[in-house]
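Trainee: the following comprises the amino acid sequence and a computationally predicted model.
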Amino acid sequence: MVEEDRELIESHEHPLDGYLREGRIPHIFCPGCSLGSITNVIIEAIIEAGLDPKKISVVSGIGCTGRISGYLNYDSFHTTHGRSIPFAIGLSITDPERKVIVISGDGDLFAIGASHFIHAARRNADITVICVNNFNYGMTGGQVGPTSYMGQVQTTAPYGFNEESFNLPHLATTCGAVYVARWTALDVRRIKDSFVEAFKKKGFSFVEVLGSCPTTFGRRNQLAEGKKILQHFADHTVLKHDVDPKETKIEKNGPLIVGKFVDIEDKPTLTDNLLAIQRISQASDKKS
Amino acid sequence: MGRIEIRFAGFGGQGIGLLGRLLGEAVSLYEEGKNSVMTQSYGPESRGGASSTDVVIDTIEIDYPKATELDYFVVLSEEAYQKYIPKLKKGGILFVEEDLVTLDDQANKAKKIFKIPATKIAETLGSRLFANIAMLGFVCANTEGIVSEEALTQVMKEKIKAKYVEKNLIAFQKGKEYKQE
Amino acid sequence: MMSDGNLDLPEILTGEHFTTGNHATAEGALAVGCKFFGGYPITPSSEIAEHMALRLPRVNGHFVQFEDELASIIGILGARWGGYKSMTATSGPGYSLMVENIGLGMMTETPCVIINVQRGGPSTGLPTLVGQQDIMQTKWGAHGDFEPIVLCPSSVQECFELAVQAFNYAEQYRLPVTVLMDEILGHMSEKLIIPDRSKIKRVNTKKPNVPPEEYLPYKPDKDLVPPMAIAGDGYNIMVTGLTHDERGYPVLNVETQEKLVRRINDKIRKNKDKIIILEEYMLDDAEIAILSFGSVARAAKGAVNRAREKGIKAGLLRLVTIWPFPDERIEALANQVKTILVPEINYGQITREVERTTHGKTNVKGLFKMGAIHNPQEILSEIEKCT
């Protein structure tokens, strides 16, 4: 890597001024956490996708990732633990033009909120779900979660975790998601492109981002700095577009398969189906 | 007229609930100055077993919605007869589907017993499903001051699916005209 | 019998009907403008969901049967922030699953309506038989301090009227409002008169009248209720279950907690005279009062009539609003009557409240029954014992 000469400029303006909520920064994220850059990428993707800011709602549950919704200067909803998805469904069906983005963590979406995820995918609810998977419960102090891998050490698995983990892209695909992708927090360009595609897509789109959590995950698993986690991602990432999501399971020191795995067109959404029921019911009225 | 309590009972599938709804609605909406409340027995089973529905009729506001002592007991199955006959008050009136119910000593407390082969009558119309309405016609003809034929006919026309109305009205007439031996 | 398919398009089926409490409740919700129902089947409330599934699409509304009660309650909160008046219906066990997010509704001041058709509990209990065992659950179910509004109908007509009222209170005071029905009311049929559209009052939340840069989503007006901007209004609202300041931003300190929690309680406490609905029957000269609510109140009224025929000075105080509790009225009653008799289908939930509010000034006697409503004769016998 060549060190470039950079001129430092002093400015009171930030390129994302207006997109972040005034008075909410600094954020609560730890040094080395990837949530800051993911927040940044979400905003860039919203801008690039050309979404009408008035039509955007951001919804999250509880946890570190759940705090992102509150930093974004859109209509934002910070709900209860695990319940962001049905809240998002309620918001989305009230306006077919509304883009509802759920952003939450692995514990929130796939432990306490797992049933909502699978049913929302089944119904093809018109929402985008972004899961930042940091392999543990960060905010509550580093407990294992449904995406923790075998052998991972956490406060509630002091002898090493010995359950199987969820493979999120496989789960989402099986349940009917129309767009499924996974990236690591290192792949910011690809994350952004993927978010843009997901935001523009009608129906249930899902993007998993493997995030760095040095404080409560890394410290216990020989990855005690954000940089080390990102280096681990860099060393283990294998890009495989369109691979069968069955093959993307994450294991200790195994490959981290990333890419876009599913991209289906023209599947009717929950909102489409609800509007169809309105037409059917009203047509039967006219007949009688 | 004071409070009147009527129970229809039979087995699941005989259309017992419909009888309660038709009578209740006819009284509530078409009988001037009368109120009615209809309740149904609810159990976890969707089909079969004893089914019953109660209609309480009064000229004043109906305070207690459930039947306590039956003035009229209209029964279309043996199981329902055995289950509910203790609820008939002494001097009450009993209507039975005579081919499906075997009367015993418990019926002695009734002031009057009306018997009709409602299912056989229904079968002459092509389906035993009309037995409930034949019974309703029979009840209408043999009671006074509860409900008029006009009110019941009106409700049947509104509530029964159009293609079944005619047959049901015939069943009602046959029940109404039936004279027990 | 309204769910036979022969229905008109309008939300308001003006006219006379013979129908169940469950259907009347659904019609009340439609009449006041409910556009979204999210629910999960549970006996004895399922007919409400079924009726909404039939009727809502015809009035350009949406029905979603969710995967559980947790999704149902939070789905209706989301839909309300999207601009649809929303409702769910359930029974005791389902209500238990909803309470955490009823708390979210209280904290975020989200108008919505929950119908609880009570059955016997605890646990699965008596799915098909009546109960009044969720009185305290509606008050204390969710953690934290909040002041709920809970209404309790006694007739099919009132099921309709209180569904309308529940939405109007929810919109006016910005909170989830619960209607406590019971199995008997839900399933019994009697006459329902749906009035003309012009006679049905529709309350909507106050909207902000300032531009977005000046809007503070949780800054209350004098009535302690803040105007409500929703998603898409251009106000970039922030809504959180965390303790928040007037901007809606999480501020986790003592001052913010003091201010917010006091206000969301006080907006109901200070307006409770406008919220409390009571029916008083033959109370003027009464020496024995029956305090009753829900389907039992019908039998209680019957017992009062029978007592009066016997020359006993009995009267009825019927709680239409259960929460906020009418402390002052009951305290005044305690100074008048020798005994307050409280028949209820539980083991003393309201009786204890009456004891609390009467401060030992009168004899309070609970008449508890499980799984069935009292008949007038049973209540009369108790009245006679008290004379």
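Mentor: Happy to help now that I have it. Residues are numbered from 1 along each chain as shown, chains lettered A, B, ... in the order given.
Trainee: could you use CA atoms for every contact and neighbour count after this?
Mentor: Will do.
Trainee: quick check: the closest residue to chain A within the stretch 251-387 of chain C vs residue C:228, distance?
Mentor: Closest to chain A within the stretch 251-387 of chain C is residue C:251: 10.1 Å, counting by Cα to the nearest Cα. Residue C:251 sits 20 Å away from residue C:228, going by Cα to Cα, to the nearest Å.
Trainee: likewise residue A:186?
Mentor: According to Cα to Cα, residue A:186 stands 40 Å off from residue C:228.
Trainee: with residue A:118 instead?
Mentor: Distance of residue A:118 to residue C:228, given as Cα to Cα: 32 Å.
Trainee: and for the residue of the stretch 251-387 of chain C closest to chain A, the neighbour number?
Mentor: 15 (other Cα atoms under 10 Å in any protein chain shown).
Trainee: and the closest residue in space to it that isn't next to it in sequence, what does it touch?
Mentor: Distances taken as Cα to Cα, 6 or more residues apart in numbering or on different chains place residue C:244 nearest to residue C:251, at 5.1 Å, with adjacent residues excluded. The contact partners of residue C:244, taken as Cα atoms under 8 Å, 6 or more residues apart in numbering or on different chains, are C:250-252, C:256-257, C:260.
Trainee: so of those residues, which ones are in helices?
Mentor: Counting by DSSP state H, the part of those found in helices is C:256-257, C:260.
Trainee: circling back: now the phi/psi pair for the residue nearest to residue C:251, please.
Mentor: In terms of degrees, to the nearest 10, the main-chain angles of residue C:244 are phi -140, psi 160.
Trainee: tell me what it is bridged to.
Mentor: Beta-bridge partners for residue C:244, by DSSP bridges, are residue C:250.
Trainee: hang on, the earlier thing: Throw together a PyMOL command that grabs the buried residues out of the contacts of residue C:244.
Mentor: For the buried members of these, the matching PyMOL selection, counting by 16 or more other Cα atoms under 10 Å in any protein chain shown, is:
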select buried, chain C and resi 250+256+257+260
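Trainee: what's the closest of the contacts of residue C:244 to residue B:118?
Mentor: Minimum separation from residue B:118 among the contacts of residue C:244 (Cα to Cα) is found for residue C:260, which lies at 68.6 Å.
Trainee: and the gap between that closest one and residue A:35?
Mentor: Relative to residue A:35, residue C:260 is positioned 29 Å away (Cα to Cα).
Trainee: likewise residue A:217?
Mentor: Taking Cα to Cα as the measure, residue A:217 falls 14 Å from residue A:35.
Trainee: neighbour count: these two, which is higher?
Mentor: For residue A:217 versus residue A:35, neighbours defined as other Cα under 10 Å are more numerous around residue A:217 (28 against 24).
Trainee: pretty sure the more buried one is touching residue A:157, no?
Mentor: No. Residue A:217 is beyond contact range of residue A:157, at 11.7 Å (criterion: Cα atoms under 8 Å).
Trainee: for those two, list the residues in contact with both.
Mentor: The contact sets of residue A:217 and residue A:157 do not overlap (Cα under 8 Å, 6+ apart).
Trainee: burial of residue A:68, as a residue count?
Mentor: Quick note: residue A:68 (other Cα under 10 Å) scores 26 neighbours.
Trainee: do you have the strands of the stretch 151-300 of chain C handy? List them.
Mentor: In the stretch 151-300 of chain C, the segments counted as strands under DSSP state E, counting those that start in this stretch are C:176-182, C:189-194, C:238-240, C:278-281, C:288-292.
Trainee: tell me the most buried of these?
Mentor: strand C:176-182 (a mean of 30; mean count of other Cα atoms under 10 Å in any protein chain shown).
Trainee: pick out the residue in the stretch 1-150 of chain A sitting closest to chain B.
Mentor: Closest point on the stretch 1-150 of chain A to chain B, by Cα to the nearest Cα, is residue A:115, at 27.1 Å.
Trainee: quick one: the host helix or strand of that residue near chain C?
Mentor: Residue A:115 is part of helix A:114-123 when elements are defined by DSSP states H and E. Yes. Residues of helix A:114-123 contacting chain C under Cα under 8 Å from any Cα of the partner chain: A:115-116, A:119.
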